[in-house]
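[1] sequence first, then the predicted structure, then my questions.
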Amino acid sequence: MPSLFGGPMTTFEDSEKESEYGYVRKVSGPVVVADGMAGAAMYELVRVGHDNLIGEIIRLEGDSATIQVYEETAGLMVNDPVLRTRKPLSVELGPGILGNIFDGIQRPLKTIAKRSGDVYIPRGVSVPALDKDILWEFQPKKIGEGDLLTGGDLYATVFENTLMEHRVALPPDAMGKITYIAPAGHYSLNDTVLELEFQGVKKQVTMLQTWPVRTPRPVASKLAADTPLLTGQRVLDALFPSVLGGTCAIPGAFGCGKTVISQALSKYSNSDTVVYVGCGERGNEMAEVLMDFPQLTMTLPDGREESVMKRTTLVANTSNMPVAAREASIYTGITIAEYFRDMGYNVSMMADSTSRWAEALREISGRLAEMPADSGYPAYLAARLASFYERAGKVKCLGGPERTGSVTIVGAVSPPGGDFSDPVTSATLGIVQVFWGLDKKLAQRKHFPSVNWLISYSKYSGALESFYEKFDADFIDIRTKAREVLQREDDLNEIVQLVGKDALAETDKITLETAKLLREDYLAQNAFTPYDKFCPFYKSVWMLRNIIHFYNLANQAVERGAGMDGQKITYTLIKHRLGDLFYRLVSQKFEDPAEGEDVLVGKFKKLHDDLTAGFRNLEDETR
């Protein structure tokens with residue numbers, strides 16, 4: 001329609017269409033500055049250039065937007081188009097996540113490999129995160145038309161695999177009266193399975209949800225965690241326990257075994273689901289996980305063997321992938337973990353390694369010309385780390401039926417040269433409640449897991465007291481005594497180096513020998529043996545009880561013998577006369593949990609009684 005001035009009249013729709021595009025003004029590595037972006041929002045998803053590269057707006061000034069691009073930016077030119085999508089960076093949540101492997105922005109790597117036939121991810125590739133063609137077995141709950149549903153309510157279950165039941169919940173922002181619910185059958189993720197009516201507006205619901213990764217999923221309330229995270233590693237379960245819903249940090253230099261501990265947690269912990277994020281680590285470590293996990297099995301309570309991969313989701317963002325996507329991979333992983341938590345599951349999330357994520361923040365911050373803080377990291381590093389770790393915890397889930405879930409975050413930290421005063425390590429230690437400090441010297445002595453028992457700590461010991469008292473009333477005292485013995489050994493080592501072992505009192509010699517027992521036969525664990533790769537908690541408790549029982553009996557025998565006329569009881573005499581019992585004490589770790597709890601506890605109890613009888617006979621003979 002011609003206007004008064006003869007030119008075409010601009011309608012509202014035309015100008016709206018026009019403003020969907022900006023144009024590139026400047027390219028600096030993974031950071032792109034675009035003009036003509038008036039009306040854009042912070043953290044809005046954009047498509048950059050003719051290759052449709054995925055990016056996210058991280059700064060707005062006037063009508064120009066600074067974008068961090070999650071793909072290689074080589075070949076971008078000034079005046080290339082930038083398309084606004086009007087939505088934040090989001091992940092797709094629904095059946096099909098488990099057993100899959102994604103990159104940092106939730107693109108399925110298996111599907112990309114099939115479609116492109118390339119070993120690298122092609123630029124600008126756009127593949128849906130979840131396969132929309134697979135039919136899932138949908139089983140609705142006992143609800144019908146006319147019932148009311150609110151956000152978070154579970155309305156159906158889907159058979160995902162033989163290990164996990166996928167509980168389908170209403171998205172947190174939906175509510176209304178049911179006008180249609182699909183009967184039991186097979187449906188794809190695009191099929192409408194539920195229709196709700198709220199204030200006269202009808203809404204179709206599928207099994208697929210999308211959720212912005214930077215927004216924590218809502219919960220009814222946060223709860224105090226009181227159940228231990230059992231890892232199958234004696235040093236962690238007995239001395240430095242974490243809880244389901246806790247935050248743990250594993251700092252250690254190269255070669256100390258951070259990745260091995262993370263993988264052991266994924267394989268053997270008492271979590272229902274595991275999300276493993278390889279953030280900026282080497283590609284061969286993720287390849288190792290991909291090769292190992294499908295072959296690893298876990299034994300269920302009913303005796304079935306199932307692949308660990310069936311409960312695992314991998315987010316791989318290796319060191320040769322674009323730097324900016326490292327930040328996204330951490331948020332993608334935690335959002336997937338929160339989704340399973342909302343079903344009522346206990347989820348563990350491994351982030352390996354948060355140092356690489358911090359390095360990505362440092363690079364982007366440097367390109368934005370922000371004021372650097374300690375070691376060049378941005379001043380907001382601690383705040384970003386805190387906002388990530390705060391998404392852990394045990395919660396009462398939104399909606400009905402009433403259920404609790406938890407997200408446990410285990411973050412590996414790689415300080416350069418093993419220096420724990422590094423800004424990332426010190427910021428992390430100010431946030432997390434459990435610190436498993438790995439020691440290079442222990443790793444060089446081939447003592448694995450190389451957790452240093454003198455510097456590590458757990459702030460959850462008080463929260464777990466009620467659990468320990470129910471499990472075993474003596475355990476807390478035994479653990480305290482074991483820590484004292486290890487601490488005392490550290491003090492005595494200086495004296496031994498100065499004057500030699502022979503100058504020590506007999507009780508000190510017993511302390512040193514008990515500490516050696518604890519170090520070599522209790523805290524060290526061989527991950528490549530069937531009997532020691534996983535240590536159930538009852539075995540950990542009984543092994544520790546017998547070692548401390550030996551320590552107490554030996555000290556009592558020496559002290560009683562000191563005031564009598566007969567032959568003095570020395571440590572050498574105890575070792576000589578009770579060598580057989582000492583050998584059995586060392587051999588406790590060889591007991592295979594596959595024999596069953598009752599058989600093992602019977603053996604440990606017999607050793608406990610034999611120790612008592614052996615020391616009684618020794619005292620009688622020397623009187």
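    Received, thanks.
[2] can we go C-alpha only for contacts and neighbour counts from here?
    Fine.
[3] residue 21: what's it in contact with?
    Going by CA atoms under 8 Å, 6 or more residues apart in numbering, residue 21 touches 36-37, 81-84.
[4] go on, residue 377?
    Residue 377 neighbours (CA under 8 Å, 6+ apart): 358-359, 361-362, 365, 423.
[5] mind redoing it with 6 Å?
    residue 362 (CA atoms under 6 Å, 6 or more residues apart in numbering).
[6] residue 336 falls within a helix, correct?
    Yes. Judged by DSSP: H, G, I helix; E, B strand; the rest coil, residue 336 forms part of a helix.
[7] one step back: so which of the contacts of residue 21 are in strands?
    Residues of those located in strands (DSSP state E): 81-84.
[8] before we move on, the earlier item: any idea which of the contacts of residue 21 has the most stuff around it?
    Within the contacts of residue 21, neighbour counts (other CA atoms under 10 Å) peak at residue 82, which reaches 26 neighbours.
[9] doesn't residue 45 make contact with that residue?
    No. Judged on CA atoms under 6 Å, residue 82 makes no contact with residue 45 at a distance of 10.4 Å.
[10] so where's this protein uncertain?
    Scanning the chain for pLDDT under 70 picks out the ranges 1-19, 563-567.
[11] give me that answer again for 80
    1-19, 259, 294, 297-303, 561-567, 623 (pLDDT under 80).
[12] domain parsing for it?
    Per automatic domain parsing, the structural domains of the chain span 14-88, 131-207, 221-295+304-458, 475-622.
[13] residue 98 is nearest to which of those domains?
    In terms of CA to CA, the element of the domains of the chain nearest to residue 98 is domain 221-295+304-458, at 5.1 Å.
[14] make JSON lines out of the domains of the chain and add distance to residue 97.
    Output for those, formatted as JSON lines (distance: least, CA to CA, whole Å):
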{"stretch": "domain 14-88", "distance to residue 97": "20"}
{"stretch": "domain 131-207", "distance to residue 97": "9"}
{"stretch": "domain 221-295+304-458", "distance to residue 97": "7"}
{"stretch": "domain 475-622", "distance to residue 97": "27"}
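[15] between the ones you listed, which one is nearest to residue 96?
    Across the domains of the chain, closest to residue 96 is domain 131-207 (CA to CA), at 7.1 Å.
[16] how far does the closest one sit from the chain's center?
    Taking CA atoms, centre = their mean, to the nearest Å, one finds domain 131-207 lying 29 Å from the centre of the chain it belongs to.
[17] and for stretch 477-492?
    30 Å.
[18] in that stretch, what counts as buried?
    478-479, 481-483, 485-486, 489, 492 (16 or more other CA atoms under 10 Å).
[19] if we only consider the residues you listed, which is nearest to residue 236?
    The closest of these to residue 236 turns out to be residue 479 (CA to CA; 12.0 Å).
[20] check for me that that closest one belongs to a helix.
    Yes. According to three-state DSSP, residue 479 belongs to a helix.
[21] same list (the ones in strands among the contacts of residue 21) but as TSV, adding distance to residue 526.
    Output for the ones in strands among the contacts of residue 21, formatted as TSV (distance: CA to CA, whole Å):
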residue	distance to residue 526
81	56
82	54
83	54
84	53
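[22] what's the closest residue to residue 101 other than its chain neighbours in contact with, if anything?
    In this structure, residue 101 finds its nearest non-sequential neighbour in residue 314, 4.6 Å apart by CA to CA, 6 or more residues apart in numbering. When contacts are counted by CA under 6 Å, 6+ apart, residue 314 touches 101, 275-277.
[23] residue 314 sits in which helix or strand?
    Using DSSP states H and E, residue 314 maps to strand 312-317.
[24] and residue 158, by the same measure?
    Applying DSSP H and E, one finds residue 158 within strand 154-159.
[25] can you give the strand pairings for that strand, parallel or anti for each?
    According to DSSP bridges, strand 154-159 forms sheet pairs with strand 136-140 (antiparallel), strand 165-169 (antiparallel).
[26] got the buried residues for the last one?
    Okay, so that is strand 165-169. Result for strand 165-169 [16+ other CA under 10 Å]: buried residues 166-169.
[27] what residues are up against residue 215?
    No contacts exist for residue 215 under CA under 6 Å, 6+ apart.
[28] how about 10 Å then?
    Counting by CA atoms under 10 Å, 6 or more residues apart in numbering, residue 215 touches 88, 90, 331, 335, 391.
[29] if we can go back for a sec, can you list residues touching both of residue 82 and residue 45?
    In contact with both residue 82 and residue 45: 55, 67, using CA under 10 Å, 6+ apart.
[30] could you pull out the helices for the stretch 1-150 of the chain?
    In the stretch 1-150 of the chain, the helices defined using DSSP state H, counting those that start in this stretch lie at 12-18, 109-116.
[31] could you do the stretch 301-450 of the chain as well?
    Under DSSP H, counting those that start in this stretch, the stretch 301-450 of the chain gives helices at 325-341, 354-367, 381-389, 423-429, 440-444.
[32] tell me which of the ones you listed sits most buried.
    The highest mean neighbour count among the helices of the stretch 301-450 of the chain, using mean count of other CA atoms under 10 Å, belongs to helix 325-341: a mean of 26.
[33] and residue 178, how far from residue 466?
    To residue 466, residue 178 is 44 Å away according to CA to CA, to the nearest Å.
[34] looking at those two, which is more packed in?
    Ranked by neighbour count (other CA under 10 Å), residue 178 and residue 466 place residue 178 first, with 20 against 14.
[35] quick one, what contacts the more buried one?
    Contacts for residue 178 (CA under 10 Å, 6+ apart) come out as 143-149, 194-198, 202-203.
[36] name the SS class of it, please.
    At residue 178, secondary structure determined by three-state DSSP is strand.
[37] repeat that for residue 585.
    helix.
[38] can you pull out the strands in the stretch 451-600 of the chain?
    Listed from the start of the chain, the stretch 451-600 of the chain has strands (DSSP state E, counting those that start in this stretch) covering 457-458.
[39] which residues in it form helices?
    Assigned by DSSP H, counting those that start in this stretch, the helices in the stretch 451-600 of the chain fall at 465-471, 475-499, 506-518, 537-562, 571-577, 579-586, 597-622.
[40] out of the ones you listed, nearest to residue 270?
    helix 537-562 (11.1 Å).
[41] and the two most separated of the buried residues of strand 165-169?
    166 and 169, at 9.4 Å, using CA to CA across the buried residues of strand 165-169.
[42] shared neighbours, those two?
    Contacts common to residue 166 and residue 169, judged by CA under 10 Å, 6+ apart, are 94, 156-157, 343.
[43] neighbour count added to these, as JSON lines?
    Formatted as JSON lines, these follow (neighbours: other CA atoms under 10 Å):
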{"residue": "94", "neighbour count": "22"}
{"residue": "156", "neighbour count": "22"}
{"residue": "157", "neighbour count": "19"}
{"residue": "343", "neighbour count": "22"}
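[44] just to revisit the earlier point, may I ask which of the contacts of residue 314 has the most neighbours?
    residue 277 (32 neighbours).
[45] that one and residue 350 touch, don't they?
    Yes. Contact criterion CA atoms under 10 Å: residue 277 and residue 350 qualify, at 5.9 Å.
[46] which residues are in contact with both of the two?
    By CA under 10 Å, 6+ apart, the residues touching both residue 277 and residue 350 are 314, 330, 333-334, 411.
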